[in-house]
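Novice: here is my input; please provide its structure:
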Amino acid sequence: MHATTGDGRLLIERLREIVGSGHVLTSPSSTRRFRTGIRFGSGPVLAVARPGSLVEQWRVLKACIASNAIVIVQAANTGLTGGSTPDGDDYDRDIVIVSTLRIAAVHLIDDGRQAVCLPGATLFQLEKMLRPLGREPHCLIGSSCIGASVFGGVCNNSGGSLIHRGPVFTQLTLYAQVGDDNGLRLVNHLGIELGTDEEEILARVERGGFASGDITHPADRAASDQGYEAHVRDIDAATPARFNADPHRLFESAGSAGKVMIFAVRLDTFARDERTSVFYIGSNDTQELEQVRRHMLGEFRSLPVSGEYIHRGAYRVAETYGKDTFLAIRHLGTDRLPALFALKGRFDSFAARLPFLPHDLSDRVMQAVASLFPSHLPARMTGYRDRFEHHLIVKMPGDGIEEARAWLKTAFPSATGDFFECTPDEGEKAMLHRFAVAGGANRYRAVHRAEVQDILALDIALRRNDRDWYETLPAEIDDKLAVKIYYGHFFCHVLHQEYIVRKGHDPVAIEHAMWKLLDARGAEYPAEHDVGHLYNAKPALVSHFRHLDPCNCFNPGIGHTSKLTHWA
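Specialist: The predicted structure is shown next:
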């Protein structure tokens, strides 16, 4: 990236005119938390613009395109693969990050059966709005996306933990696209009549300025993944249930990975299960858990709400290094977490300016404070941690509770496993502990940075008929790893496999060796975290990107594609 040119300075001045000087960041210290991923990806930028309305966001985009600047749209910046940050300094144009967190409205329509979400809306926010109506968003709190935006899930086709809902998907979107001729156009596929003038459309959707008569329900477009329940129940299919590059789930904004600028998405919501119960299963035999999965998917009348796997090693990492996340959610609630994460980001940016402060200071302080609290996990879970290597947390709804209870009593105890039905408090803590795993991996790296090289993170989708789901690594790879952390959405056969690499070894070389092993197993990857700047985009995904963004002005280089204008 070259030094700021005269054109770059003119663009910065134009951005300041649009959003105000206080919302255009240009110094390396002020832009650091926006241009650096939480695990992967970083690079210099010309500016970070923080529009306060959709009209301002549109004007920022127009100014960037007119100046031939790269646009990277960013919401919560919680992704694990660097998909909303630059990667390196080898781009051929200036980069502007457009941070959308100030534009966070949600409009519920059709009595809450659908929601129109704006760019900065979070899953927490949507969940809170739907709760009084007895409904839920597609995804609830996730292991790696605490504070995540609704748009992040749509752009990545993220799946989440809820078995019967499939990946986040919609064909109802309001977005901006730049054509081959560098012409900018606003595309209204929301299914809502909003007028014809671009700024009028954006202002109306932001304020919810539409009546029920303006809303249509196009028969050829959906606001969620249809038919996933039958799809995931097909346990003998030789293909994965879901993965990011699945051509059947790439449609305009869905799976776009930032290759268009999205202004609003329309999504289905779902009735909340009024009665649920959590069953905690432990086993020392991977095939025993696979039999549980196959029986429940293939034979049960009621599909489980979720079925989350956690390996003993992941359990222990989360127990020690995810404790503060667990306690914060448990005692402060999810509503306050986005503000806490933003405060942590600002503190880290400030600390980075002072070279005498230790690296990862905020993580070290939070870890020290968490260690002062007593053990936070139920005694029965701790007992299973010591007895069993593999843990499965199954949440059942309504009539499925008795169905699961009766069958599990016939299957356990066995020679290698057992189960117990959680109390409501145990069930909540079990799920929360599972969700603390990914943050625990980050914390482990921060605390032990002197002894470890980095985190290597894979999320993989195994074939639905694959019985040998647990990984065995060859010694030449295994010896280079300090810690292995396995967890995931077991019933969908989506596993998150994270590795703390020993000091002195190359995580990238190790990962490439692992890719070959996954290819041999018929796995797809990434499963739900998207390619970012970590994975190679597969042909279907590259085709989708090029169709959406022929000028390559949005988030270039994603999936190791070209960073140059018009895909040169």
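Novice: give the buried residues for stretch 348-362.
Specialist: By 16 or more other CB atoms under 10 Å, the buried positions in stretch 348-362 come out as 348-349, 352, 360-362. Backbone N, C-alpha and C define where each C-beta goes, glycine included.
Novice: after the helix or strand bottoming out on mean pLDDT in the chain, next one along is what?
Specialist: Lowest mean confidence among the helices and strands of the chain (mean pLDDT, DSSP states H and E): helix 337-352, at a mean of 72. Scanning forward in sequence from helix 337-352 by DSSP states H and E, the next helix or strand is helix 361-371.
Novice: the helix or strand just after that next one - contacts with which helices or strands?
Specialist: Downstream of helix 361-371, the first helix or strand assigned by DSSP H and E is helix 379-387. When contacts are defined as 3 or more CB pairs under 8 Å, 6 or more residues apart in numbering; DSSP states H and E, helix 379-387 packs onto strand 276-283, helix 312-321, strand 417-421, helix 424-435.
Novice: so which of those gets nearest residue 520?
Specialist: Nearest of the helices and strands packed on helix 379-387 to residue 520, taken as CB to CB: helix 312-321 at 23.8 Å.
Novice: the next helix or strand after that closest one packs against which elements?
Specialist: Per DSSP H and E, the first helix or strand lying C-terminal to helix 312-321 is helix 323-332. For helix 323-332, the elements it packs on are helix 337-352, helix 361-371, helix 424-435, helix 437-447, judged by 3+ CB pairs under 8 Å, 6+ apart.
Novice: which of the ones you listed is buried the deepest?
Specialist: Of all these, helix 437-447 has the most neighbours on average by mean count of other CB atoms under 10 Å, namely a mean of 24.
Novice: before we move on, back to that, so which of the helices and strands packed on helix 323-332 is nearest residue 311?
Specialist: Residue 311 lies closest, by CB to CB, to one member of the helices and strands packed on helix 323-332: helix 437-447, at 9.4 Å.
Novice: who's in contact with that closest one?
Specialist: Identification of contacts with helix 437-447 by CB atoms under 8 Å, 6 or more residues apart in numbering yields 38-39, 80, 143-144, 146, 310, 314, 317-322, 324-325, 359-360, 363-364, 366-367, 452, 454-455, 457, 483, 485, 487, 496, 498, 500.
Novice: now it: mean pLDDT?
Specialist: Computed over helix 437-447, the mean pLDDT rounds to 89.
Novice: measure how far that helix is from the centre of its chain, please.
Specialist: Distance, stretch centre to chain centre, for helix 437-447: 17 Å (CA atoms, centre = their mean, to the nearest Å).
Novice: helices or strands next to the helix or strand just after that helix in the packing?
Specialist: Under the assignment DSSP H and E, the closest C-terminal helix or strand after helix 437-447 is strand 452-461. Applying 3+ CB pairs under 8 Å, 6+ apart, one finds that strand 452-461 contacts helix 437-447, strand 494-502, helix 507-521.
Novice: tell me which of these sits nearest to residue 243.
Specialist: The closest of the helices and strands packed on strand 452-461 to residue 243 is strand 494-502. By CB to CB, the value is 8.0 Å.
Novice: hey, C-alpha coordinates of the closest one in CSV?
Specialist: Taking Å, rounded to 0.1, in the frame of the first residue of the first chain, the C-alpha atoms of strand 494-502 are listed here in CSV:
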residue,chain,number,x,y,z
VAL,A,494,-19.9,-29.9,11.4
LEU,A,495,-16.8,-29.9,13.6
HIS,A,496,-14.6,-27.1,14.8
GLN,A,497,-11.0,-28.4,15.1
GLU,A,498,-8.5,-25.9,16.6
TYR,A,499,-4.9,-26.5,17.3
ILE,A,500,-2.4,-24.6,19.4
VAL,A,501,0.8,-24.9,17.4
ARG,A,502,4.1,-25.3,19.3
